[in-house]
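In: Task: produce atomic coordinates for the following.
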Amino acid sequence: MKKDKWVWMPHAGHLIVGHDCRFHLNTWVGNFIVSTVGEYWPDEPIREINAQSRGVVLVGRGDERRADYMKKIGYEEIGCNRKYETMVFPAMKSSDACCPYTAKSWSELDTSGYNTADDAMRGHYKMCRKWANKK
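Out: Down below sits the predicted model:
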């Protein structure tokens with residue numbers, strides 16, 4: 001399948017906390033969904049628990065406190081030693097106009113992990129090319 005036929009979708013394609021990830025690429029390539037997520041930013045109560053459990057003292061309120069968290073802790077890992085991951089799933093049509101395809105099964109067919117946004121983007125494209133012509 002040629003790249004101009006791929007369908008780019010605007011929402012995270014996998015991960016139970018995918019809605020809290022700032023980075024997501026979700027692409028339909030033929031019979032497959034290639035989903036990359038990362039930059040996990042948990043909500044405030046979880047950030048407070050994470051900081052406290054690590055002995056990190058956060059300062060400020062609002063944006064200042066969020067910036068302090070990013071400076072001292074940063075984005076959370078979404079898996080063992082990785083802040084980004086790509087997974088491939090078999091695809092099926094969905095009823096959503098913005099994401100016209102979804103996973104037929106949540107058992108991943110392929111996966112890869114990364115620690116930078118650049119690597120995650122390159123890895124997503126690589127996985128798309130790999131799976132675009134598989135049946």
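In: going forward, measure contacts between C-alpha atoms and count neighbours the same way
Out: Noted.
In: Look up the residues forming beta bridges with the most centrally placed residue in the chain.
Out: Nearest to the geometric centre of the chain sits residue 37, at 0.8 Å (CA atoms, centre = their mean). Legend: beta-bridge partners of residue 37 under DSSP bridges are residue 24, residue 85.
In: Okay, it and residue 90: tell me how far apart.
Out: 17 Å (CA to CA, to the nearest Å).
In: Output the contacting helices and strands for the longest helix anywhere in the chain.
Out: For the chain, the longest helix by residue count, based on DSSP state H, is helix 117-131. Judged by 3 or more CA pairs under 8 Å, 6 or more residues apart in numbering; DSSP states H and E, helix 117-131 is in contact with strand 21-29, strand 32-40, strand 84-93, strand 110-114.
In: Next, the buried residues of it.
Out: By neighbour count with 16 or more other CA atoms under 10 Å, helix 117-131 contains the buried residues 117, 120, 121, 123, 124, 125, 127, 128, 129, 131.
In: same deal with stretch 56-73?
Out: Buried-residue list, stretch 56-73, by 16+ other CA under 10 Å: 58, 66, 67, 68, 69.
In: go on, stretch 34-50?
Out: Neighbour count says stretch 34-50 has 34, 35, 36, 37, 38, 39, 40, 41, 42, 47, 48, 50 buried, by 16+ other CA under 10 Å.
In: now do stretch 20-27
Out: Per 16+ other CA under 10 Å, stretch 20-27 contains these buried residues: 20, 21, 23, 24, 25, 26, 27.
In: Mind putting the residues you listed into CSV with distance to residue 6?
Out: Shown next, in CSV, are the buried residues of stretch 20-27 (distance: CA to CA, whole Å):
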residue, distance to residue 6
20, 25
21, 23
23, 19
24, 16
25, 12
26, 10
27, 7
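In: Make TSV from these and add pLDDT and distance to residue 78 to it.
Out: Shown next, in TSV, are the buried residues of stretch 20-27 (pLDDT from 0 to 100; distance: CA to CA, whole Å):
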residue	pLDDT	distance to residue 78
20	95	11
21	96	9
23	97	12
24	96	13
25	97	15
26	97	17
27	97	20
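In: Okay, domains of this protein per the record?
Out: 3-39+78-131, 42-75 (automatic domain parsing).
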